[in-house]
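J.: below: sequence and its predicted model.
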Amino acid sequence: MQHLLNIQSKIFPQANDDLGRLVAYWNFKNQKIVFTNGCFDILHRGHIDYLVKAADLGNVLVVGLNADASVSRLKGAGRPVQDQDGRALVLAALRFVSAVVLFDEDTPYQLIKAVQPDVLVKGSDYKTDDIVGADIVKAKGGSVQTIDFLEGYSTSGIIRRLLASSKDK
């Protein structure tokens, strides 16, 4: 039961005072805070590769997780496949993830403003100047990094294969 409590303690339903105190502690300890975000609907090898590379850019990895309503707006009907509580728990169970913070907006701009990360990370399908929150991170002297996705791994591709295999039966 202690392991589950430890995992759950890494999940924040929103940017709140508890998260603020944790961020203040990390700053006090001169920890380099890395931030990334996404839906992480069906966690797969591509996600793990991306998150590990993001974590390697600092000491602390904060993952902004799109809440269910946000995922539905971004990805369409039928998404998310897994609810936000399940997705948050799976991410928080990863040893190299320091915190998972849910956000309901279409972008994590306000969350990035609250966390004030030293490094902001997105996939290389984004141009650095187009990454939401880049202005916040650059203004404080931080950096914006992009990471190449692992070829052949995507949640949409997994869903397509599952649907195709269910039609064959």
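T.: Yep, it's here.
J.: got the contact list for Asp56?
T.: Not one residue lies near Asp56 by Cβ atoms under 8 Å, 6 or more residues apart in numbering. (C-beta placed from N, C-alpha, C; glycine too.)
J.: could you measure from it over to Val119?
T.: Separation of Asp56 from Val119 (Cβ to Cβ, to the nearest Å): 10 Å.
J.: please apply the same query to Phe149.
T.: 18 Å.
J.: pLDDT wise, what is Leu162 at?
T.: The model reports Leu162 with a pLDDT of 66.
J.: oh, I was asking about Asp129
T.: 85.
J.: repeat for the one 4 residues further on
T.: pLDDT for Gly133: 98.
J.: ok, it - contacts?
T.: The contact partners of Gly133, by Cβ under 8 Å, 6+ apart, come to Phe35, Thr107, Pro108, Tyr109, Ile112, Lys113, Leu120.
J.: coming back round to it: between Phe149 and Val119, which has more neighbouring residues?
T.: Val119 (19 against 15; other Cβ atoms under 10 Å).
J.: out of the contacts of Gly133, which are inside strands?
T.: Phe35, Leu120 (DSSP state E).
J.: out of the contacts of Gly133, which is nearest to Phe96?
T.: Distances from Phe96 to the contacts of Gly133, taken as Cβ to Cβ, are shortest for Phe35 (13.8 Å).
J.: the closest one against Leu65, yeah?
T.: No. Contact criterion Cβ atoms under 8 Å: Phe35 and Leu65 do not qualify, at 11.7 Å.
J.: rewinding a little: let's have the contacts of Gly133 in TSV, adding pLDDT.
T.: What follows is those, written out as TSV (pLDDT from 0 to 100):
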residue	pLDDT
Phe35	98
Thr107	95
Pro108	97
Tyr109	98
Ile112	98
Lys113	97
Leu120	98
